[in-house]
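Enquirer: pasting a predicted model and its sequence here:
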Amino acid sequence: MGSGETRHDGSVKALLTAMNCQKGELEANTRRHIELLEEGAARGARVVAFPEMSLTGSVDREHWPGHAIGLDHAAVAEVVAATAAHAGAAALFGVAEAVDGRVYITQVLADGGRVTGRYQKRRLGDDEESYSAGSEPAGFALGSTPIGVAICAEGAVDAPFADAAAAGARAVFFCSAPGLYGRRLDRAGWQAGFDWWSGSALGDAARHARRLGLWIALSTQAGSTADEDFPGLAALVDPSGTVVTALADWHEATLLVDLPT
C-alpha cells in the first residue's frame, strides 16, 4: 500500500484513506477498517478517516435492498471496540444506516470504544433518490477539538462547511463515494475517472477552504465493486485553497497528514 505524509506544528495527525469498500461485504470491510485503525495507531494518528459508506459499501435501496444496517449492528460494534483497543486512534467511518424503514448516508465518529458523533448526509446526489436526507448539522469533536464533516455531494453546498466553522472547527473531513459512470476497463479509463474527481472534489474543497479559512481533508472510495467503480483520492487542502499533499492515482492507499488545531 502506498502512503504519504505531511506535518505542521501544533496539530492532530490524521490517516486519510482511499479504500475499496465492497458492497454488502461487512466481514471483509470490518476487517479492513480494523487493519487501517491499527496502521493509524502505529503511525501516531489521532483519527483515521474512512470514505462515505465505507463499512457497508454504497448499498442503495433500489439495487442493494436489505444491506443497510443500524448503528446497533455487530459490524459497527466491532469497529467501535477497535478504537478502544488501539488507544488514541478514533475512527470516522461511513455506513448506509437503516432507521425505521428509511436509509440514510451516515458518517460515524467512534473514539475510545464508544460512538461520539453521528451525521446523516443532508444534501443528496442526483442518483441518491432512494436514500433519506438528514436534517441536523454534525457536532463532532476529537476530545475538546471540534471537527467538521461533509459527505460527497455536499461539496457543492455551503452548509456543512459553514456549520463546522461556526462551531469553531479548523478542519473538515470531506468523505466521499462518487460512483463513476461506466466501468473502468483500462488505465486510461481509471485515469479519466481520477482526474474528474480530483478536479471536482479539490475544486470544491479549495473554494470552501478559502471562504472559511478551513483545512479540508479528503477520503474517497477506490477501485471496482460488484456493479460500480470509484476514483479514489486522499488529499489535504489548506486555508488558502492550496493542495498541500494528495495521492497520485486511483489505487487504494493512505495519507498521513497533520491538521492544525
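Expert: Perfect, thanks for sending it.
Enquirer: sticking with S219, tell me its helix or strand.
Expert: In this structure, S219 is located in strand 215-224 according to DSSP states H and E.
Enquirer: for this protein, longest helix please?
Expert: When the chain is parsed with DSSP state H, its longest helix is helix 187-212.
Enquirer: now do the helix or strand hosting V95: distance to the chain's middle.
Expert: Take DSSP H and E as the rule and V95 turns out to sit in strand 90-99. Distance of strand 90-99 from its chain centroid, counting by C-alpha atoms, centre = their mean, to the nearest Å, is 10 Å.
Enquirer: which strands and helices sit next to the next helix or strand along the chain from it?
Expert: For strand 90-99, the following helix or strand on the C-terminal side (DSSP H and E) is strand 102-111. Under the contact criterion of 3 or more C-beta pairs under 8 Å, 6 or more residues apart in numbering; DSSP states H and E, strand 102-111 touches helix 74-85, strand 90-99, strand 114-120, strand 145-151. Any C-beta I mention is one placed from the backbone N, CA and C, and that applies to glycine too.
Enquirer: and these as a markdown table, adding mean pLDDT and distance to A222?
Expert: Below are the helices and strands packed on strand 102-111 laid out as a markdown table (pLDDT from 0 to 100; distance: least, C-beta to C-beta, whole Å):
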| stretch | mean pLDDT | distance to A222 |
| --- | --- | --- |
| helix 74-85 | 97 | 19 |
| strand 90-99 | 98 | 14 |
| strand 114-120 | 97 | 22 |
| strand 145-151 | 97 | 17 |
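Enquirer: where does P160 fall, helix, sheet strand or coil?
Expert: Under the three-state scheme (DSSP: H, G, I helix; E, B strand; the rest coil), P160 adopts helix.
Enquirer: thought it was touching I147?
Expert: No. Counting by C-beta atoms under 8 Å, P160 does not reach I147; the two are 11.6 Å apart.
Enquirer: intersection of neighbour lists for those two?
Expert: Common neighbours of P160 and I147 (criterion: C-beta atoms under 8 Å, 6 or more residues apart in numbering): V172.
Enquirer: which residues does L259 bridge with?
Expert: Applying DSSP bridges to L259 gives these bridge partners: V12.
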